[in-house]
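> quick one, structure for this:
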Amino acid sequence: MNAPSSTRAVPLPELFWGFFQIGIFGFGGVGPIARHIIVEQRNWLTEREYATVLGMGKILPGANTINAGVMIGDRFRGRLGAVVCVAALMAAPLAILVMLALLYDRYSGNPAVDVAMGGAAAAAAGTVIGAGLKMACNLRPGLLGWLIGALAVIAVAVLGLSLIQVVLVLAPLAVVATAWKERRR
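Numbers count the residues shown, from 1 in each chain. Presented below is the predicted three-dimensional model:
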């Protein structure tokens, strides 16, 4: 496992280029590429620190990776770091989105475009699933963690519950179960 991130300062240009990479390569969702760049490539955070930041980002309002960018930027460079991370994260995707929206508006009636969109959606789903499994294996969540994860998958995929409903039920359940487990030790 990598060293704790608090042992070094991250320069603003490094934060900018790291989050710019996340934004430009994060097609279909930036979660998988964000983890790769932040944990594996740049070693800004350990796997556990990243999971904590991402978890906090998920429960706060707004996009979780933008929330993570604010927290990571603030951690290493204060308010200016937070602004730099968010600006870098959004710059390329915003430009690409405008360009693609114009192209889609022009060519959306073409059947080949529908096929391409279906393929892109499948590829995006695969990267998200792969990153989630990699994080779970690296964190070694134990039986309780796997159980909570399985309950979340069942609640969303089988029962069709919204993510908000699942989080509102499983987050407190996970906290109570973990506290109970720790108390028994």
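> where do the helices of the protein begin and end?
12-25, 31-35, 47-59, 64-107, 111-139, 142-153, 163-184 (DSSP state H).
> out of the ones you listed, nearest to Q41?
Distances from Q41 to each of the helices of the chain were compared using CB to CB; the shortest belongs to helix 12-25, at 7.9 Å. Any C-beta I mention is one placed from the backbone N, CA and C, and that applies to glycine too.
> residues making contact with the closest one?
With contacts defined as CB atoms under 8 Å, 6 or more residues apart in numbering, helix 12-25 is touched by 30, 33-34, 37-38, 41-42, 44, 65, 69, 72-73, 76-77, 80-81, 84-93, 96.
> buried ones in that helix?
For helix 12-25, a neighbour-count test (16 or more other CB atoms under 10 Å) marks L12, L15, F16, G18, F19, F20, Q21, I22, G23, I24 as buried.
> what's the most distant pair in those?
With distances taken as CB to CB, the most widely separated pair in the buried residues of helix 12-25 is L12 and I24, at 18.2 Å.
> report pLDDT for A3.
Looking at A3, its pLDDT is 51.
> hang on, the earlier thing: the contacts of helix 12-25, buried ones only, as a PyMOL selection?
Buried members of the contacts of helix 12-25, defined by 16+ other CB under 10 Å, are picked up in PyMOL with:
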select buried, resi 30+33+34+37+38+42+44+65+69+72+73+76+77+81+84+85+86+88+89+90+92+93
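> where does this structure have low pLDDT?
Along the chain, segments meeting pLDDT under 70 span 1-7, 27-28.
> the residue nearest the centre of the chain: what's it in contact with?
For the chain, the residue whose C-alpha lies nearest the mean C-alpha position (CA atoms, centre = their mean) is G31; its distance is 3.1 Å. Shown here is G31, whose contacts under the criterion CB under 8 Å, 6+ apart are L54, N64, T65, V128, A131.
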